[in-house]
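Trainee: Sequence below, structure please.
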Amino acid sequence: MYPPGTRSRATVNRVLPPDCAGAAVGARPVTTRRPGAVTLPPGVQAVYGDCDDPTSLDAAFDGIDRAFLMSAQASCSAEHPTHDLHLMRASRLAGERHIVKLSVYSGCAGDYAIGVWNREAEAAVMDSGIDWTSGLPRS
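Mentor: I've put the predicted structure just below:
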């Protein structure tokens with residue numbers, strides 16, 4: 001894995017630490033779907049969490065110390081990147097030690113709306129006081 005406070009340009013599965021595969025580190029995927037209906041490797045159990053309902057994230061993040069954050073909120077669909085802000089709030093409350101944030105390719109450049117919006121999302125991670133790594137997808 002890349003050192004805290006760095007950025008990488010790699011595919012998602014290369015950003016994640018190799019030992020996160022399967023249940024080796026107690027992976028806990030968060031889904032807005034029915035957690036029991038999600039197909040996952042043996043030993044991995046999904047939990048419910050909805051970025052539009054921040055209190056549901058508190059329960060989903062309870063007891064974890066690291067997270068890979070990837071928001072599916074469409075850029076500029078709200079005044080602020082509320083999903084990323086709610087994920088970071090839950091991360092701080094859980095006392096996490098390290099965040100890996102999936103960024104967007106060239107999404108933080110420029111002064112146009114998408115760049116400003118994504119910079120706010122990344123600033124929430126970088127300014128959190130939690131060790132972080134930002135994963136930049138390839139084009």
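Trainee: Tell me how far residue 123 lies from residue 57.
Mentor: 19 Å (Cβ to Cβ, to the nearest Å). (Glycine included, C-beta is placed from N, CA and C.)
Trainee: more neighbours, these two?
Mentor: Applying other Cβ atoms under 10 Å to residue 123 and residue 57 shows that residue 57 carries more neighbours, namely 25 against 15.
Trainee: got any ranges where this protein has weak pLDDT?
Mentor: 1-26, 33, 41-43, 105-110, 137-139 (pLDDT under 70).
Trainee: Spatially central residue in it, please.
Mentor: Centre of the chain computed as the mean C-alpha position; nearest residue by Cα atoms, centre = their mean is residue 69, 0.6 Å away.
Trainee: for the spatially closest residue to residue 63 that is not a sequence neighbour, phi and psi?
Mentor: Nearest residue to residue 63, sequence neighbours excluded (Cβ to Cβ, 6 or more residues apart in numbering): residue 94, at 7.1 Å. With angles defined as degrees, to the nearest 10, residue 94 sits at phi -80, psi -10.
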